[in-house]
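Colleague: Sequence and computational prediction follow.
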Amino acid sequence: MTTLVAGGAASGKSEYAERLAEKAMAAAARGYYLATMTASDPESLSRIQKHRDRRADKGYETVEVPDSGALSEFAARLSKASDSRDTVVLLDDFGNLVANELFGCESPVAAARLLTQKEREEVVDRLAAPLRLLHETTGTLVLVSNDVFGDGPVKGDPGTENYLRVLAELNRKTAGFADCVCDVAAGLPDYYKGGDRV
Amino acid sequence: MVLFTGPLYSGKHDAAKAYAEARGKNLDELTVLEDAQAFFFEHSDETFSQVQLETLAEEYGKADLVLITEVGSGLVPVDPKDRAAREYAGRFTNLLAEQAEEVYRVFCGIPKRLK
């Protein structure tokens, strides 16, 4: 069972996703928390610590998956494990994954010019393929994504436009195969598909 | 008229296409107005009275399908023209929804009927 949990900043999407995962953890053999943020600045480190504190004693094993390479490696490994069906995986969040994938190298192309549709699809597929593999092999998969589209179209900033387009395409693609999709506001889920409400 | 709204790049066009096809119609055979919010950003030198907005909404109401991107939940734009365009786009969406027989909000590619 795969749920895509999307929402704005500080909407309570992570907490809601964690509730979904914890409910499943009660009956599962193991749980993995896939962390996506790469950070060295104090604000990001404090944000990471906040999430870590909330997860303490919940029984998750934390795995760092900042980009498609690490994500693919994890998905391949888990899909071969004998107890993958008895496993809970929580990934938080798509916004970091896409940022790292697009801008995580030195002088990234995605910051300099608009990507072609083909180039965007390649980035989306690099991330969507391991997510689909997890969807097919994991007992419970909870994916957290970001609604950052409230400003509408951006003008004259190719990096931002690439980011918004790739994130939106990844959201749509994942929502296509997910069993449940919800938009979280005020910590409460509004389901667009399925609806395993907690 | 049937209205499709939702965040930027949320899949409004594909949802409209699926809506038409489910009713045995091709999008090409229908009057489809896309990016209805862009009109206000393209005409950001103009001011629109409520009556003008209502008249415009009636015009759009003659189309089969209208698609409009939600632009109101970000920060208030610093540029006064962008601020006004965003305001008009939001008000206009409300007027379109009043005209529409059905309204859908598309989120992550999935339409949900609001009206």
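Modeller: Sure thing, it's come through.
Colleague: contacting residues around the most centrally placed residue in chain B?
Modeller: Centrality entry for chain B: nearest residue to the mean C-alpha point is B:Ile68, 2.2 Å, by Cα atoms, centre = their mean. Contacts for B:Ile68 were tallied using Cβ atoms under 8 Å, 6 or more residues apart in numbering or on different chains; they are B:Leu3, B:Phe4, B:Thr5, B:Asp35, B:Ala36, B:Gln37, B:Ala89, B:Phe92, B:Thr93, B:Leu96. C-beta coordinates here come from the backbone N, C-alpha and C atoms, glycine included.
Colleague: quick one: contacts of stretch B:9-19?
Modeller: Counting by Cβ under 8 Å, 6+ apart, the neighbours of stretch B:9-19 from elsewhere in the structure are A:149, A:164-165, A:168-169, A:171-172, B:2, B:4-6, B:27, B:32, B:34, B:65, B:67, B:69, B:104, B:106-111.
Colleague: repeat that for 7 Å
Modeller: A:149, A:164-165, A:168, A:172, B:2, B:4, B:6, B:27, B:32, B:34, B:65, B:67, B:104, B:106-109, B:111 (Cβ atoms under 7 Å, 6 or more residues apart in numbering or on different chains).
Colleague: Give me the mean pLDDT for it.
Modeller: Per-residue confidence for stretch B:9-19 averages out to 96 on the pLDDT scale.
Colleague: can you check stretch A:145-152 too?
Modeller: Over the span of stretch A:145-152, the pLDDT mean works out to 91.
Colleague: Then stretch B:93-102?
Modeller: 94.
Colleague: Show me what it is in contact with.
Modeller: Counting by Cβ under 7 Å, 6+ apart, residues outside stretch B:93-102 touching it are B:1-3, B:5, B:53-54, B:57-58, B:60-61, B:66, B:68, B:103, B:113, B:115.
Colleague: lowest-pLDDT helix or strand in chain A?
Modeller: helix A:42-55 (a mean of 83; mean pLDDT, DSSP states H and E).
Colleague: got the CA coordinates for whichever strand or helix holds B:Arg91 in CSV?
Modeller: When secondary structure is defined by DSSP states H and E, B:Arg91 falls within helix B:80-99. Provided in CSV are the C-alpha atoms of helix B:80-99 (Å, rounded to 0.1, in the frame of the first residue of the first chain):
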residue,chain,number,x,y,z
PRO,B,80,1.9,46.2,-8.0
LYS,B,81,0.9,45.0,-11.5
ASP,B,82,1.5,41.4,-10.6
ARG,B,83,-0.4,42.0,-7.4
ALA,B,84,-3.4,43.3,-9.3
ALA,B,85,-3.2,40.5,-11.9
ARG,B,86,-3.2,37.9,-9.2
GLU,B,87,-6.2,39.5,-7.5
TYR,B,88,-8.2,39.7,-10.8
ALA,B,89,-7.3,36.0,-11.6
GLY,B,90,-8.6,34.9,-8.2
ARG,B,91,-11.8,36.9,-8.4
PHE,B,92,-12.3,35.8,-12.0
THR,B,93,-12.0,32.1,-10.9
ASN,B,94,-14.8,32.7,-8.4
LEU,B,95,-17.0,34.2,-11.2
LEU,B,96,-16.1,31.3,-13.5
ALA,B,97,-17.1,28.8,-10.9
GLU,B,98,-20.5,30.4,-10.5
GLN,B,99,-21.0,30.1,-14.2
